[in-house]
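A.B. asks: how would this look folded up:
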Amino acid sequence: MEPTYSAEAEQFRERIREFLAGNLPDGWAGLGALPPEEVKPFTDGWRQKLAANGFLAPSWPSEYGGGGLSELEQVLVAEEFQKSGVPTGGANDAFSIQMVGNTILQWGTEEQKQHFLPRIISGEDIWCQGYSEPDAGSDLGSLGCRAVLDGEEWVINGQKIWTSAGQYANWIFVLCRTDLDSPKHRGISFMLCPMDQPGVDVRPIEMLSGDAEFNETFFTDARTAKDNVIGGVNAGWGVAMTLLGYERGESASTMPIMFGAEWQKLADLAKANGRSSDPVVRDRLSQTFIEVEIMRFLGMGTLTRFLSGHQPGPAESSFKLYWSEYHKHLTELAIDVVGAGAMTSESTAKTSFHCDLPGSSNDAGSWVGAFYNARAGTIYAGTSQVQRNILGEMVLGLPKEPKPPA
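C.D. replies: Model prediction:
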């Protein structure tokens with residue numbers, strides 16, 4: 001069962017398809033089909049076309065450079081872009097637009113909106129996220145990065161880790177402790193900090209695949225303006241949770257499309273390798289297909305709440321938990337389908353933060369990379385263990401686990 005839309009919605013969908021047909025190269029097969037050296041130039045040019053046509057930040061009001069689209073129109077844009085295998089923005093726009101941009105729209109002052117949002121659209125400001133720390137990963141309440149007010153500037157000292165795509169950014173939204181005497185979830189402020197200054201040091205973290213998507217970020221007397229606090233001093237926890245809701249809630253309609261296409265890719269490989277007649281492989285393919293369908297229905301529930309004006313909240317953790325655990329199951333099956341070749345293949349995957357880019361090759365190297373990436377999926381954006389705690393305590397109302405005796 002697919003969601004049904006009104007005639008007006010389908011007319012808007014046709015407008016999106018006409019835009020795609022008129023702006024994509026002939027023979028377009030998906031971003032992953034491009035040679036590696038062509039991905040960034042294409043994406044940069046595509047981003048400019050999206051901005052000019054109101055598709056880069058479709059939910060934002062037009063006065064800030066957005067498309068001013070309705071909730072339903074935003075969903076239709078996301079669905080058609082996903083089906084066509086084209087990006088919805090640049091490499092850092094998940095942080096720039098979906099996360100910090102939406103958060104500024106909800107929590108920022110008018111001056112902050114007027115200053116930062118158009119600069120995000122133009123690409124002048126490119127953002128990354130400064131949440132996790134070595135001793136405060138998914139438990140953000142224990143963070144130790146500090147900010148002290150010095151006249152008209154905040155002075156920041158501390159360390160953040162797992163700064164995705166931080167090497168491409170020139171701004172970072174960072175959670176800082178601004179009151180040492182408050183309980184751990186209080187006394188935290190949500191700050192916007194420029195990275196092009198001597199006090200910010202970004203160091204790459206090389207992964208098993210050889211890539212370096214993540215970084216450590218060190219702040220040593222880094223400075224940002226006094227007014228670059230979103231939501232008020234010592235009120236950053238609520239702002240931070242709003243941002244995480246955007247991080248986890250808005251992709252529910254498109255990710256089942258993405259994972260469904262990836263499942264079909266694996267089914268095709270199993271058939272080509274002569275493994276589709278193996279009863280165990282067939283059983284596991286059937287099981288993962290069922291899991292994709294469940295994900296689709298979960299996404300439809302999230303979509304229904306979104307279209308009804310529901311703001312993202314802790315319940316969206318169920319979707320993040322589900323897809324990240326599912327992807328482990330699928331990629332484990334993929335390695336078994338590939339067989340012994342997986343032991344000698346290097347990763348050739350051109351991954352997003354979820355799976356291979358549309359149009360990528362269907363071979364051992366691609367699936368080895370997806371297998372690596374699936375492990376990270378149960379950790380980034382909140383570990384599976386923390387997602388279960390959020391759902392148990394904040395959604396189901398279960399009692400918190402007692403602390404062990406000192």
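A.B. asks: longest strand of this structure?
C.D. replies: strand 214-225 (DSSP state E).
A.B. asks: partner strands of the next helix-or-strand element following it and their direction?
C.D. replies: Next helix or strand after strand 214-225 toward the C-terminus (DSSP states H and E): strand 229-230. Sheet pairing for strand 229-230, assigned by DSSP bridges, gives strand 188-194 (antiparallel).
A.B. asks: and the angle from the strand it pairs with to strand 214-225?
C.D. replies: Angle, strand 188-194 to strand 214-225, by axes from the mean of the first three to the mean of the last three CA atoms, to 10 degrees: 90 degrees.
A.B. asks: from the chain's centre, how far out does the helix or strand following strand 188-194 sit?
C.D. replies: Per DSSP H and E, the first helix or strand lying C-terminal to strand 188-194 is strand 200-205. How far strand 200-205 lies from its chain's middle: 20 Å, per CA atoms, centre = their mean, to the nearest Å.
A.B. asks: same thing with stretch 197-208?
C.D. replies: On CA atoms, centre = their mean, the centre of stretch 197-208 falls 20 Å from the chain's centre.
A.B. asks: how about stretch 153-168?
C.D. replies: Per CA atoms, centre = their mean, the centroid offset for stretch 153-168 relative to its chain is 18 Å.
A.B. asks: return the set of buried residues in it.
C.D. replies: Neighbour counts over stretch 153-168 (16 or more other CB atoms under 10 Å) mark 153-166 as buried. Every C-beta, even on glycine, is put in place using the N, C-alpha and C of the backbone.
A.B. asks: format the residues you listed as JSON lines; extra columns: secondary structure.
C.D. replies: Converted to JSON lines, the buried residues of stretch 153-168 look like this (DSSP: H, G, I helix; E, B strand; the rest coil):
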{"residue": "Glu153", "secondary structure": "strand"}
{"residue": "Trp154", "secondary structure": "strand"}
{"residue": "Val155", "secondary structure": "strand"}
{"residue": "Ile156", "secondary structure": "strand"}
{"residue": "Asn157", "secondary structure": "strand"}
{"residue": "Gly158", "secondary structure": "strand"}
{"residue": "Gln159", "secondary structure": "strand"}
{"residue": "Lys160", "secondary structure": "strand"}
{"residue": "Ile161", "secondary structure": "strand"}
{"residue": "Trp162", "secondary structure": "coil"}
{"residue": "Thr163", "secondary structure": "coil"}
{"residue": "Ser164", "secondary structure": "coil"}
{"residue": "Ala165", "secondary structure": "coil"}
{"residue": "Gly166", "secondary structure": "helix"}
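A.B. asks: related to what we said a few turns ago, can you list contacts of the longest strand of the chain?
C.D. replies: Outside strand 214-225, the residues that touch it by CB atoms under 8 Å, 6 or more residues apart in numbering are 130, 145, 150, 152-164, 166-167, 172, 174, 191-194, 197, 199-205, 207.
A.B. asks: what number of residues lie near Asp336?
C.D. replies: 15 (other CB atoms under 10 Å).
A.B. asks: kindly apply the preceding question to Gly65 instead.
C.D. replies: For Gly65, using other CB under 10 Å, the count is 18.
A.B. asks: before we move on, what about Thr344?
C.D. replies: Counted with other CB under 10 Å, Thr344 comes out at 8.
A.B. asks: re earlier: so for the longest strand of the chain, mean pLDDT?
C.D. replies: Averaged over strand 214-225, pLDDT sits at 96.
A.B. asks: now do stretch 101-121
C.D. replies: pLDDT averaged over stretch 101-121 gives 96.
A.B. asks: and what of stretch 255-267?
C.D. replies: Mean predicted confidence for stretch 255-267 is 90.
A.B. asks: please spell out which residues along that stretch are buried.
C.D. replies: Met255, Pro256, Ile257, Met258, Phe259, Gly260, Ala261, Glu262, Trp263, Lys265, Leu266, Ala267.
A.B. asks: helices or strands up against the helix or strand that contains Phe306?
C.D. replies: Using DSSP H and E, Phe306 sits in helix 279-307. When contacts are defined as 3 or more CB pairs under 8 Å, 6 or more residues apart in numbering; DSSP states H and E, helix 279-307 packs onto helix 71-84, helix 255-272, helix 317-338.
A.B. asks: OK, contacts around Ile126?
C.D. replies: For Ile126, the contacting residues are Gly90, Asn92, Ser96, Tyr168, Ala169, Asn170, Trp171, by CB under 8 Å, 6+ apart.
A.B. asks: could you rerun that using 6 Å?
C.D. replies: Residues near Ile126 by CB atoms under 6 Å, 6 or more residues apart in numbering: Asn92, Ala169, Asn170.
A.B. asks: closest to Val338 among those?
C.D. replies: Distance to Val338 across the contacts of Ile126 (CB to CB) is lowest for Asn92, with 31.9 Å.
A.B. asks: returning to that earlier point: tabulate the buried residues of stretch 153-168 in CSV, adding columns for pLDDT and distance to Thr302.
C.D. replies: Below are these laid out as CSV (pLDDT from 0 to 100; distance: CB to CB, whole Å):
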residue, pLDDT, distance to Thr302
Glu153, 97, 40
Trp154, 98, 36
Val155, 98, 40
Ile156, 98, 35
Asn157, 98, 39
Gly158, 96, 34
Gln159, 96, 34
Lys160, 95, 29
Ile161, 91, 29
Trp162, 87, 25
Thr163, 93, 27
Ser164, 89, 23
Ala165, 91, 25
Gly166, 94, 29
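A.B. asks: returning to that earlier point: which among the contacts of Ile126 count as buried?
C.D. replies: Buried, going by 16+ other CB under 10 Å: Asn92, Ala169, out of the contacts of Ile126.
A.B. asks: if we can go back for a sec, who wins for proximity to Phe297 among the helices and strands packed on helix 279-307?
C.D. replies: Among the helices and strands packed on helix 279-307, helix 255-272 sits nearest to Phe297 (CB to CB), with 8.6 Å.
A.B. asks: where along the stretch 51-200 of the chain do the helices fall?
C.D. replies: Listed in chain order, the helices of the stretch 51-200 of the chain (DSSP state H, counting those that start in this stretch) span 71-84, 93, 102-107, 110-122.
A.B. asks: out of the ones you listed, the one nearest Thr43 is which?
C.D. replies: Closest among the helices of the stretch 51-200 of the chain, using CB to CB: helix 93, at 9.6 Å.
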